[in-house]
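1. no FASTA, just this:
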């Protein structure tokens, strides 16, 4: 099964498709912060789904581009990316209109459809000034869709079950291929499952097509760099995880990434490891703007220089004990991934996992006990990479912001 995505496919044909891109966090706010700043979470400051804001010391892509006379706009699809996280820095417009009861409030929680996002974006483009522009669009359609509060309560109850036991059972249950379970996964009638999500991706593709049509009619398509990527993936009970944010397996941190850039790379496929943090320096590299020190690298240079493809990717996530105790952690995971190996470390209980991605791409067999030399080397590199990150002067939300974000995340089914 795969989504029908002719518009996204056309961008890939005109640009570069990156096959091995890793997100720095499997949830919206921290991952987008890495995309928009070029920094890992321990450097940009958003270390959890709630309570943290973007560090005041960090410069966003929008700030850099606005300083270089670009008009900057953003239209977000849900309150999971609201400005209280500080990600609106540098945007002339940060459209997050989710007033309860308005047409923008979609089903449950503060969200809106891709059509509404595109409508707002096209309106902004039509009325923009005659100067270069940077437009960021956030589509939420392919996210979990929860149609009533009862489903939220069921989801929260599932999260309270012991994580290790659920992970063990989930991996084995998924591998059984039970017919009833498989039918539920592929059903498009229920608001959860692989086929349901693929249909949502196709809806997003249609909206991207509307954007492409506008750019072509305005004779802007050939002059515009386009980037299509996700902030994270979703699980369907792989490793015992229903959705995302809980673990650091490739099911949720491996993401699609397409760049329509220089014509010399038209139709190119890149198979070496790349990261979400590479987006920021790559955009500035394309525009000829000097970048400040970041954790990512400009990928155009890397593509041309065949000796610089040994990149490694850092990721992290923290998970609360329960929705009512989000400030008490059940797990605090960090990982280091290369093209061949992934090490996952839980900083709370020191549990370690090592996966041979060449022979075990689905990460089913923890080989930490058999490959301790490789694990030790990667762990030393991982901890050295983070440095004294816990001493970062993090920018925390005010009590008012915290309450507002908590209410929004509960309505979206996160807490």
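-> Received, thanks. These figures come from a predicted structure and were not determined experimentally.

2. Residue ranges in this structure under the pLDDT threshold?
-> By pLDDT under 70, the weakly predicted segments of the chain are 1, 99-109, 144-193, 306-309, 322-326, 388-394, 415.

3. now the helices: where do they sit in it?
-> Assigned by DSSP state H, the chain shows helices spanning 6-14, 28-37, 41-44, 61-67, 114-126, 149-159, 163-176, 179-186, 194-217, 250-253, 279-287, 299-304, 372-386, 399-411.

4. Report the buried residues of stretch 371-385.
-> Buried positions in stretch 371-385, judged by neighbour count with 16 or more other CB atoms under 10 Å: 371, 374, 375, 378, 379, 382. (Glycine included, C-beta is placed from N, CA and C.)

5. Distance check, residue 275 against residue 315.
-> 9 Å (CB to CB, to the nearest Å).

6. For the two, list the residues in contact with both.
-> Taking CB atoms under 8 Å, 6 or more residues apart in numbering as the contact rule, residue 275 and residue 315 both touch 22, 23, 24.

7. ok, the first one touching residue 256?
-> No - counting by CB atoms under 8 Å, residue 22 stays clear of residue 256, with 11.6 Å between them.

8. May I have the residues that are in contact with residue 82?
-> Residue 82 sits next to 76, 96, 98, 110, 405, 408 when contact means CB under 8 Å, 6+ apart.

9. can you count the residues close to the second one?
-> The reference is to residue 96. Neighbour count of residue 96, defined by other CB atoms under 10 Å: 21.

10. got it, and the fifth one?
-> Taking other CB under 10 Å as the neighbour definition, residue 405 ends up with a count of 24.

11. That one touches residue 397, doesn't it?
-> Yes - here residue 405 reaches residue 397: they are 6.5 Å apart, a contact under CB under 8 Å.

12. what is in contact with those two at once?
-> 50, 84.

13. before we move on, the earlier item: for the shared contacts of residue 275 and residue 315, which entry has the maximal number of neighbours?
-> residue 24 (30 neighbours).

14. The nearest residue to it once chain neighbours are set aside and residue 283: what is the separation?
-> Computed as CB to CB, 6 or more residues apart in numbering, the closest residue to residue 24 that is not its neighbour in sequence is residue 34, at 4.0 Å. Residue 34 is 14 Å from residue 283, where distance means CB to CB.

15. what about the two, which has more around it?
-> residue 34 (29 against 24).

16. wait, what's in contact with the more buried one?
-> Applying CB under 8 Å, 6+ apart, the residues near residue 34 are 23, 24, 25, 40, 41, 44, 275, 276, 277.

17. ok, what's across the strand from the closest residue to residue 128 other than its chain neighbours?
-> Leaving out its chain neighbours, the residue that sits closest to residue 128 by CB to CB, 6+ apart is residue 71, at 5.5 Å. Judged by DSSP bridges, the bridge partners of residue 71 are residue 133.

18. Measure how buried residue 71 is and give me the count.
-> By other CB under 10 Å, neighbour count at residue 71 equals 19.

19. Residue 410 too?
-> Around residue 410 there are 16 residues (other CB under 10 Å).

20. swap in residue 199?
-> 15.

21. What distance do you get for it to residue 213?
-> 22 Å.

22. The residue nearest to residue 386 when sequence neighbours are not counted and residue 291, how far apart?
-> The shortest distance from residue 386 to any non-neighbouring residue, by CB to CB, 6+ apart, is to residue 42 (5.4 Å). To residue 291, residue 42 is 19 Å away according to CB to CB.

23. Please apply the same query to residue 303.
-> Distance, residue 303 to residue 291, by CB to CB: 17 Å.

24. All set, thanks.
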